[in-house]
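1. Next come a sequence and a model predicted from it.
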Amino acid sequence: MIEIIPIKGVPIIKEGDDVGEAIVKAAEAQGTPIQDRDIIVVTHVVVSRAEGRIVNLDEVKPSRFAETIAEEYGKDPSLVEVVLREAKSIVRMGDGHIIVETRHGFICANAGVDKSNVPGKRNVALLPEDPDLSARRIRERVRELTGKDVAVIISDTHGRALREGEINVAIGVAGIEPLRDRRGENDLFGYTLKVKRTAVADELSSAAELVIGQADEGVPAAIIRGYRYQRSEDATSKRLLRPREKSLFI
């Protein structure tokens, strides 16, 4: 049986706070202490706040290019400037949207710059500098405090081409192989699978979002318990990225 357990009671995370410790204490306080082989899914905004990846838009001087884009699409010039600074390249712009490739290699709106769940009306959260490293640090801290071997996923909300709505995806992983390669297996009727690779880290991130709060719920993390995942000590979210030369959309 697979359980998805919201971790409630996590205090508002500030720069320098210990995310791993906060999660461990909150899980214990609600009577669901962390166990071996748990998967802990944490929203990136919490990690970004702890790592000081917060920018006050009032302190940003927009470039002329940012001002031009902002004027055309009715956006805040300072916000556009922050997005451009976080972008490796612009993929698409239109209808008020800026889709970019981040320095991490993610294709997403606004370079992942997030205004939700960030204290201060003019503050925004950037993606962690190295989400995989962030996940490894949380995993190591959980193991240090509890002695339990867990997997950690840092998640973010992304849209999808030609699909309404958003889903959570993995932008950082530790302790779990993010892809399950099923090529070579046979289906129920004996057909050999040729292209089946399941993005388990993304699916687990979306499953966790069912209980993680994006509004006023105050639930920044979840435990997924009972899923038999493949352990990996050298896991990286980059395994989920499709090379540009194989993309049909960009």
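-> Yep, it's here. Numbers count the residues shown, from 1 in each chain.

2. moving C-terminal of the helix or strand of the chain with the lowest mean pLDDT, what's the next helix or strand?
-> Least confident helix or strand of the chain, by mean pLDDT, DSSP states H and E, is strand 180-181 with a mean of 84. Towards the C-terminus, the helix or strand next in line after strand 180-181, according to DSSP states H and E, is strand 197-198.

3. Just list what that following strand packs against, helices and strands only.
-> Identification of packing neighbours for strand 197-198 by 3 or more C-beta pairs under 8 Å, 6 or more residues apart in numbering; DSSP states H and E yields strand 180-181. Any C-beta I mention is one placed from the backbone N, CA and C, and that applies to glycine too.

4. what packs against the strand it packs on?
-> Right, strand 180-181 is packed against strand 197-198 by 3+ C-beta pairs under 8 Å, 6+ apart.

5. If we use 10 Å, what do you get?
-> The elements that strand 180-181 packs onto, with contact taken as 3 or more C-beta pairs under 10 Å, 6 or more residues apart in numbering; DSSP states H and E, are strand 197-198, helix 200-209.

6. So for L79, which of these sits nearest?
-> Each of the helices and strands packed on strand 180-181 was checked against L79 via C-beta to C-beta, and the shortest separation belongs to helix 200-209, namely 24.2 Å.

7. Report all helices and strands that the following helix or strand past that closest one contacts.
-> Following helix 200-209 in sequence order, the next helix or strand is strand 221-225 (DSSP H and E). The contact analysis (3+ C-beta pairs under 10 Å, 6+ apart) places strand 221-225 against strand 3-7, helix 19-29, strand 39-43, strand 151-160, helix 200-209.

8. now with 6 Å?
-> strand 3-7, strand 39-43 (3 or more C-beta pairs under 6 Å, 6 or more residues apart in numbering; DSSP states H and E).

9. Quick check: neighbours of it in the sheet, parallel or antiparallel?
-> Strand 221-225 has the following strand partners under DSSP bridges: strand 3-7 (antiparallel), strand 39-43 (antiparallel).
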